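*Asks:* Could you work out the structure for the sequence below:
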Amino acid sequence: LQSLSRTEVTIRRLYWRSVFRMRPESQMGRSAPLFLIFLGLLCISRAAVITQTWNVKWQFLAPDGFYRGVITINDEFPAPTLRCMKGDTINITVVNNLLDSTVAVHWHGVSQHGTPYMDGASMVTQFPIVPMQSFRYEFTADEVGTFWYHAHTPMQYLDGLSGALIVEDPNEVKTWTREEVIIIQEWYHEPGLTMAAAGWWSDEEPWRHLPAASTLIHGKGRANCSALYPTAPASWRCSPQQSPLYSLNIAPGERILLRIIGGMSEDPMRFSIDDHDLTVIRFQKSYMTPVSVKSIDLHAGYRYDVIVTGNPNPTPGYAAKINAWLMYGAAARCNSACFQKKGYGWLQYPANVNSNSGSQSTSLSSTILTLSAESFNSLISADVNHIEQPPQPTIYWDVNFNQTVSSDPNKPQNGLTPLFTFNGFLFAMPARPTLMEIYEDGRTSWPTDSLIWSAPLGSVFDVYFKNYDMSDHPVHLHGYNFWILSVGDTPDRVFPTKPSLNLVNPIRGDTVIVPAKGWAYLRVHATNPGIWTFHCHVDSHNSP
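*Replies:* Numbering: from 1, shown residues only. Presented below is the predicted three-dimensional model:
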């Protein structure tokens, strides 16, 4: 215990104390709350312990040519990629050197089996780390895939505090020669909390957040400084020509696995590479029947594993443009007018390549892979070798997502600020972590308007999200990998009593888009005890 911080010791003691206080399983019955049951320790063979210390601090950087404060980990932006094998133990000590803010790190997509207190959800599973203090995250990487770690304290991951966690399967047969991680995100020229304090919302576009200045492909981009700051002198702090663009080398016929992460905080983005198809083999943690597409639509928290194959006969020195379009609008109905900001980089062929033809491959699919409306249901299906049939539900939750307004004369839009509700209720952050209320105080129930629900261990519950808002909302559930049974939209907001469900080969995920004026129908098997947040991943919808 001497190597643990005081907060860590407190959380672990509370958790295990509650475990040993429990009645025998035979006395609990099936109605015992999910978050009060622990099934026992699963012995896992651990190949290695990955131990690192991460120093979180502000630095003055110019990812798109504009100098501003950026939150870095060990002086890196994007934050360092953490790699391990399935079964390894992750041991990360996060040191908060920000001085002006608390910090918590969430491991997006990691189920945290047996370690719910390591989830990193500020004021849900832990107190955030105060300045000049540290917290050690320790858990087992028992799932394979591309994961995304990021700040779970207000407005910080849009300032840079995010990175990739890659968990590999030592037995996986690789059909690619190498792999690259690419985090796609929009970028702002004001710190997140500064924008939040100013109201966040645009005076020119009612109900729209402030527009991004640029888009970044793995931390690199170029802002249009002359358009953003037409009256600024040339010597001011915006020099996009000095900002390098993202570049990836490829050889003819080479197969590269791209682990693409949607690191956006607000709007969706569309990713493509000129003259190249993208073969998608995994969505989040789930294998899927490979599908070749031209473009991929990304929402906050989405991860795709994609194979890109080098053209067999490229022109020597040819560079294909890598595109990342920021979409201002609902992805399912986005037309050319809503593609407002474009980031780009290069897929570079060697200059000395032998070429039998001066033209590039034109065998491109016209398909765009989206997880919006009917295109999701028709394009996505699980690989037959990894299908797990969804069990029958015992609990049904209808969740209506809507937008309301609050009156505040100190904010824009004549004092009106958009607020977002579940079933008419606003979530209020608790005064102390909910996990501590459960394990220290023995609390088992909350009022309806608290938006804290419980489910019996082993139960199967369906969640029918109905989005009455005019914006897409990427919904993320911590601790679970749910079945996505149906996604759709309805222009008149008249929702089916129960939509048509895919019960044969549905894909699974931890994050799914609920389209504007649309729905997502999910199924969850409650096998992972803990307190888990279920929230929209648009940052301005979660921050004050």
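*Asks:* Only C-alpha atoms from now on, for both contacts and neighbour counts.
*Replies:* Will do.
*Asks:* Could you pull up the residues touching Y464?
*Replies:* For Y464, the contact set (C-alpha atoms under 8 Å, 6 or more residues apart in numbering) comprises 396-399, 519-522.
*Asks:* cool, and V105?
*Replies:* Contacts of V105 by C-alpha under 8 Å, 6+ apart are 119-121, 149-153.
*Asks:* List buried members of the residues you listed by neighbour count.
*Replies:* 119-121, 149-153 (16 or more other C-alpha atoms under 10 Å).
*Asks:* Which ones among those residues map onto helices?
*Replies:* With helices defined by DSSP state H, no entry of those lies inside them.
*Asks:* returning to what we had before: restricted to strands, list the contacts of Y464.
*Replies:* 396-399, 519-522 (DSSP state E).
*Asks:* ok, the closest residue in space to D119 that isn't next to it in sequence - how many residues close by?
*Replies:* Excluding the flanking residues, the one nearest D119 by C-alpha to C-alpha, 6 or more residues apart in numbering is H106, at 5.7 Å. Other residues lying near H106 total 20 when counted by other C-alpha atoms under 10 Å.
*Asks:* Surely H106 and G120 touch.
*Replies:* Yes: judged on C-alpha atoms under 8 Å, H106 makes contact with G120 at a distance of 4.2 Å.
*Asks:* quick one: common contacting residues for these two?
*Replies:* Listed as contacting both H106 and G120 by C-alpha under 8 Å, 6+ apart are H152.
*Asks:* Enumerate every residue touching the residue nearest to D119.
*Replies:* Contacts of H106 were listed using C-alpha under 8 Å, 6+ apart, and they are 119-121, 149-152.
*Asks:* hey, what's the residue nearest to N467 when sequence neighbours are not counted bridged with?
*Replies:* Leaving aside its chain neighbours, N467 sits nearest to F401 (4.7 Å; criterion: C-alpha to C-alpha, 6+ apart). Assessed by DSSP bridges, F401 has beta-bridge partners F422, N467.
*Asks:* any idea how far F401 is from V487?
*Replies:* Distance, F401 to V487, using C-alpha to C-alpha, to the nearest Å: 15 Å.
*Asks:* cool, A232 as well?
*Replies:* 46 Å.
*Asks:* Neighbour count for those two, which is higher?
*Replies:* Neighbours per residue (other C-alpha under 10 Å) separate A232 from V487, with V487 holding more: 27 against 12.
*Asks:* before we move on, the earlier item: could you dump the contacts of H106 into CSV with distance to M269 and pLDDT added?
*Replies:* As requested, those are exported to CSV (distance: C-alpha to C-alpha, whole Å; pLDDT from 0 to 100):
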residue, distance to M269, pLDDT
D119, 27, 97
G120, 26, 95
A121, 25, 94
Y149, 19, 98
H150, 18, 96
A151, 21, 95
H152, 22, 94
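*Asks:* With respect to R432, which of those is nearest?
*Replies:* Nearest to R432 among these is A121, at 11.9 Å by C-alpha to C-alpha.
*Asks:* The closest one touches V103, doesn't it?
*Replies:* No: in this structure, A121 is not within contact of V103 by C-alpha under 8 Å, at 10.0 Å.
*Asks:* Mutual contacts of the two, please.
*Replies:* 152-153.
*Asks:* Mind checking which of the buried ones among the contacts of V105 are in strands?
*Replies:* 149-151.
*Asks:* Pick out the residue nearest the middle of this structure.
*Replies:* The centroid of the chain falls nearest to G301 when counting by C-alpha atoms, centre = their mean (1.7 Å).
*Asks:* Would you agree that one is in contact with Y149?
*Replies:* No: contact criterion C-alpha under 8 Å: G301 and Y149 do not qualify, at 9.7 Å.
*Asks:* Return every residue with contacts to both of the two.
*Replies:* In terms of C-alpha under 8 Å, 6+ apart, G301 and Y149 are both contacted by the residues H108.
*Asks:* mind listing the helices for the stretch 351-500 of the chain?
*Replies:* Assigned by DSSP state H, counting those that start in this stretch, the helices in the stretch 351-500 of the chain fall at 373-379, 434-441.
*Asks:* W519 pairs with what?
*Replies:* K466, G488.
*Asks:* Turn the buried ones among the contacts of V105 into CSV, including distance to G253.
*Replies:* What follows is the buried ones among the contacts of V105, written out as CSV (distance: C-alpha to C-alpha, whole Å):
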residue, distance to G253
D119, 41
G120, 42
A121, 43
Y149, 33
H150, 35
A151, 38
H152, 41
T153, 43
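*Asks:* Name the nearest of those residues relative to P391.
*Replies:* Using C-alpha to C-alpha, D119 is the member of those that lies nearest P391, at 26.1 Å.
*Asks:* so the closest one makes contact with A104?
*Replies:* No: using C-alpha under 8 Å as the test, D119 is too far from A104 to be in contact (9.3 Å).
*Asks:* The residue nearest to N467: neighbour count?
*Replies:* 22.
*Asks:* Look up how far H535 lies from it.
*Replies:* For F401 relative to H535 (C-alpha to C-alpha), the value is 11 Å.
*Asks:* can you tell me the helix or strand for D142?
*Replies:* D142 is part of no helix or strand, with elements assigned from DSSP states H and E.
*Asks:* pretty sure it contacts K86?
*Replies:* Yes: in terms of C-alpha under 8 Å, D142 counts as a neighbour of K86; the distance is 5.3 Å.
*Asks:* Those two: who's more crowded?
*Replies:* Regarding D142 and K86, a neighbour count based on other C-alpha under 10 Å identifies K86 as having more, with 23 against 19.
*Asks:* Look at P314 and give its secondary structure.
*Replies:* Following DSSP: H, G, I helix; E, B strand; the rest coil, we place P314 in the coil state.
*Asks:* separation between it and L82?
*Replies:* Counting by C-alpha to C-alpha, the gap from P314 to L82 is 34 Å.
*Asks:* again with G262
*Replies:* Relative to L82, G262 is positioned 17 Å away (C-alpha to C-alpha).
*Asks:* picking that back up, ramachandran angles for the residue nearest to the centre of the chain?
*Replies:* The phi/psi pair for G301 (degrees, to the nearest 10) reads phi 90, psi -10.
*Asks:* check contacts around it.
*Replies:* With contact set as C-alpha under 8 Å, 6+ apart, G301 has these partners: 108, 148, 261-264, 474, 476, 511, 537.
*Asks:* Select from the residues you listed the entry with the lowest predicted confidence.
*Replies:* Among the contacts of G301, H537 carries the weakest pLDDT, at 88.
*Asks:* measure it to G263 for me?
*Replies:* On the measure of C-alpha to C-alpha, H537 and G263 end up 10 Å apart.
*Asks:* Now for the two: what residues contact both?
*Replies:* In contact with both H537 and G263: 300-301, using C-alpha under 8 Å, 6+ apart.
*Asks:* With neighbour numbers in mind, choose between the two.
*Replies:* G263 (31 against 22).
*Asks:* Need phi/psi at the more buried one.
*Replies:* When read as degrees, to the nearest 10, the backbone of G263 gives phi -100, psi 20.
*Asks:* for it, what are its contacts?
*Replies:* 162, 183-185, 299-302.
*Asks:* swap the cut-off to 6 Å and go again
*Replies:* By C-alpha atoms under 6 Å, 6 or more residues apart in numbering, the contact list for G263 reads 183-185, 300.
*Asks:* Can you tell me which of these is closest to M429?
*Replies:* Among those, A300 lies closest to M429 (C-alpha to C-alpha), at 21.5 Å.
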